[in-house]
Structure formats: C-alpha cells, structure tokens
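Engineer: coordinates only, sequence not included:
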C-alpha cells in the first residue's frame, strides 16, 4: 500500500511563496510518477504538475512559470514550489503517486494524499 505524507500548506499573502512536500513509501515498483493536484472551493479538482518516471514534467498551462515541481528520488519525495501566489490559488492541494499519473484527479491512484490547505489572501 502506497502511503503519502504531505507537509507545507498554510496561509500566505498574495505575491508570497510556499513549498509543499510529499514523501511516499510502500511502492510496489521503483518506476512511479509523483505529482500534485488541487481543488478550489466550488471547482473541480485539477492537475497542477506531474513528475513522470520517464524524467519529464507536465504542468497545467496556467501555472507554468509560477509553480515548479522537483523530486528527491533517493527519498521518494516530491516538492511543489509555488511562487507569486494569487488568491485564486487557494485550494486543497493533493499529492499523488501511481505508475501512470495523468490529468485526472482522484483517489483512484495507488497513492492519494490527505490534502494540504493553501490559502492566499489579497
């Protein structure tokens, strides 16, 4: 069973930065994607960024340039650096892990985190 431990959420003023972390354990294989999704109040869950095990990254087009995903493979940890935050970035952010993450959200993946609240005030 894949377990994900997330940290780093919180409140920040517009223009500020936050870094989210997610450490995974219990993978059944070594080739897993890890990524982040988010769900804002009243909105559907959406992709933020995925670190594919093949070595490339997928970002939501609207977040390119402000958000950056990175990985520390030895520790099975993925980070999401969020800069120039806007009030519309307010959401619950979820870490996910699976052999093949895609744009779809949800706990159907092998690993789905509990979620981190990120609140950006104007």
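Structural biologist: Cool, the structure landed. Given the structure is predicted, the values throughout are model-derived calculations rather than measurements.

Engineer: quick one: contacts for residue 33?
Structural biologist: Residues near residue 33 by CB atoms under 8 Å, 6 or more residues apart in numbering: 50-53, 97-101. In short, each C-beta sits where N, CA and C put it, glycine included.

Engineer: switch to 10 Å and redo it
Structural biologist: 50-54, 58, 78, 96-102, 109-110 (CB atoms under 10 Å, 6 or more residues apart in numbering).

Engineer: from the residues you listed, pick the one nearest residue 42.
Structural biologist: residue 96 (21.5 Å; CB to CB).

Engineer: now that closest one, which residues is it bridged with?
Structural biologist: residue 35, residue 112 (DSSP bridges).

Engineer: please name the nearest non-neighbouring residue to residue 95.
Structural biologist: Ranked by CB to CB, 6 or more residues apart in numbering and with sequence neighbours excluded, the top spatial neighbour of residue 95 is residue 22, at 3.4 Å.

Engineer: now swap in residue 11 and tell me
Structural biologist: Using CB to CB, 6+ apart, the nearest residue to residue 11 is residue 119, at 4.4 Å.

Engineer: and if you look at residue 8?
Structural biologist: residue 20 (4.2 Å).

Engineer: gap between stretch 1-19 and the chain center?
Structural biologist: Taking the mean C-alpha point of stretch 1-19 and that of its whole chain, the gap between them comes to 9 Å (CA atoms, centre = their mean, to the nearest Å).
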